[in-house]
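**Student:** I need the structure of the sequence given here:
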Amino acid sequence: MSDNRYSYFQYRNISAGELFFFVALDETQKQLGFEDLAAAAALLLGQNDVPVAGKLGGATAGTSVVSMAARKLLPLQVRYRLPTITSIGARGLRIAFTRNIGAFVGRAIPVVGVVVMGYDAFLIARHTVSSYNRLVKPEDRVL
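**Tutor:** From the prediction side, this is the model:
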C-alpha cells in the first residue's frame, strides 16, 4: 500500500488500511437487519444443547429447541425418508434420514440460518471492496 491519506466521514488523515476498515464497518451496519436477527436466532435455536435420554450409540447427542417445537407442531409422517443434516464437524457432514416432517423442519431451520448469514457475509465483503475501490486512488485498490 502507498502512503496516501484519506478522509471518511468524521475520520481524517487515515491510511488506506484504516479506510478499508471503516468502509467495512459501514457496509456491515447497512447490511444487517431483521433477516440477520432471524438467521442468528435460527442458528442458535438449532444447536443440539438440550439433553435427551435414550438415544442410540451412534446418534448425535442432544436435540435443539427448534427441533422439539417443530416435532410438536408438525407430528406428520411421510412415506419417504427425507435427508437431514444432524451435525457438521471435523469428521465432515453427518446426514440422517427421517419420515417425520417436524424433525425435517427442525433440522433444516439452522441450515437456513447458516445460508442466510453466509450470503450476508458475501454481500458485505463485495460491497466493502466496491465502495473502498471507488474512494481510493488506483494504487490503493484491492482485487
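
**Student:** quick check: residue 64 touching residue 52?
**Tutor:** No. Using Cβ atoms under 8 Å, residue 64 makes no contact with residue 52, being 10.1 Å away. Bear in mind the C-beta positions are built from the backbone N, C-alpha and C, glycine included.

**Student:** list the buried ones in the lowest-mean-pLDDT helix or strand in the chain?
**Tutor:** When the helices and strands of the chain are scored by mean pLDDT, DSSP states H and E, helix 34-45 comes last with a mean of 83. Residues of helix 34-45 classed as buried: 36, 39, 42-43, 45 (neighbour count, 16 or more other Cβ atoms under 10 Å).

**Student:** helices or strands next to the longest strand along the chain in the packing?
**Tutor:** Using DSSP state E to define each element, the chain has its longest strand at strand 77-89. Here strand 77-89 touches strand 92-100, helix 101-135, going by 3 or more Cβ pairs under 8 Å, 6 or more residues apart in numbering; DSSP states H and E.

**Student:** could you single out the most deeply buried of those?
**Tutor:** Most buried of the helices and strands packed on strand 77-89, by mean neighbour count (mean count of other Cβ atoms under 10 Å): helix 101-135, with a mean of 17.

**Student:** okay if I get the helices and strands packed on strand 77-89 as CSV plus distance to residue 28 and mean pLDDT?
**Tutor:** Formatted as CSV, these follow (distance: least, Cβ to Cβ, whole Å; pLDDT from 0 to 100):
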stretch, distance to residue 28, mean pLDDT
strand 92-100, 29, 89
helix 101-135, 5, 92
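
**Student:** which residues touch the residue nearest the centre of the chain?
**Tutor:** Of all residues in the chain, the one closest to the mean position by Cα atoms, centre = their mean is residue 117, 2.8 Å from it. Shown in contact with residue 117 (Cβ atoms under 8 Å, 6 or more residues apart in numbering): 36, 39-40, 43.

**Student:** now do it against residue 61, distance only.
**Tutor:** From residue 117 over to residue 61 the distance is 24 Å, taken as Cβ to Cβ, to the nearest Å.

**Student:** and for residue 38?
**Tutor:** 27 Å.

**Student:** now do residue 102
**Tutor:** Residue 102 is 20 Å from residue 61, by Cβ to Cβ.
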